[in-house]
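1. Next come a sequence and a model predicted from it.
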Amino acid sequence: MCPLWMFPLAITLGNTYIMKPSEKVPGTMEVLLDLLKQAGVPDGVVNVVQGGKDTVTDICTHPDIKAISFVGGNQAGEYIYKTAS
């Protein structure tokens, strides 16, 4: 449900969106991505990357990523805050 709070606004305002779902439930976002495609959202507008901490680090340190939102546990949130800031 959390991605549904975030990517509609992001893409409506002209941004692309990268979602890294929990590695515990990776398939859920793939279903949502398929529904977006069926609805006519162009390829590359909403993207999914799978992975664990290394993927999170890559997202947090990528120079082209301008904003990061996070929903989850405190320990991960603190890591994301410190790494992305």
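-> Perfect, thanks for sending it. Numbering: from 1, shown residues only.
2. Show me where the protein has its helices.
-> In the chain, the helices defined using DSSP state H lie at 2-12, 26-38, 53-61, 74-84.
3. Can you add mean pLDDT and mean neighbour count and give these back as a markdown table?
-> For every residue, glycine as well, the C-beta is placed using N, CA and C. Converted to a markdown table, the helices of the chain look like this (pLDDT from 0 to 100; neighbours: other C-beta atoms under 10 Å):
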| stretch | mean pLDDT | mean neighbour count |
| --- | --- | --- |
| helix 2-12 | 88 | 13 |
| helix 26-38 | 91 | 13 |
| helix 53-61 | 96 | 14 |
| helix 74-84 | 95 | 12 |
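4. what about those helices, which gets the closest to K20?
-> Across the helices of the chain, the minimum distance to K20, taken as C-beta to C-beta, is reached by helix 53-61, at 5.6 Å.
5. what inclination does the closest one have with respect to helix 74-84?
-> 40 degrees (axes from the mean of the first three to the mean of the last three C-alpha atoms, to 10 degrees).
6. for helix 53-61, the distance to its chain's centre please.
-> 11 Å (C-alpha atoms, centre = their mean, to the nearest Å).
7. With stretch 29-39 instead?
-> Worked out by C-alpha atoms, centre = their mean, stretch 29-39 lies 14 Å from the chain centre.
8. Right, I'll call it a day here.
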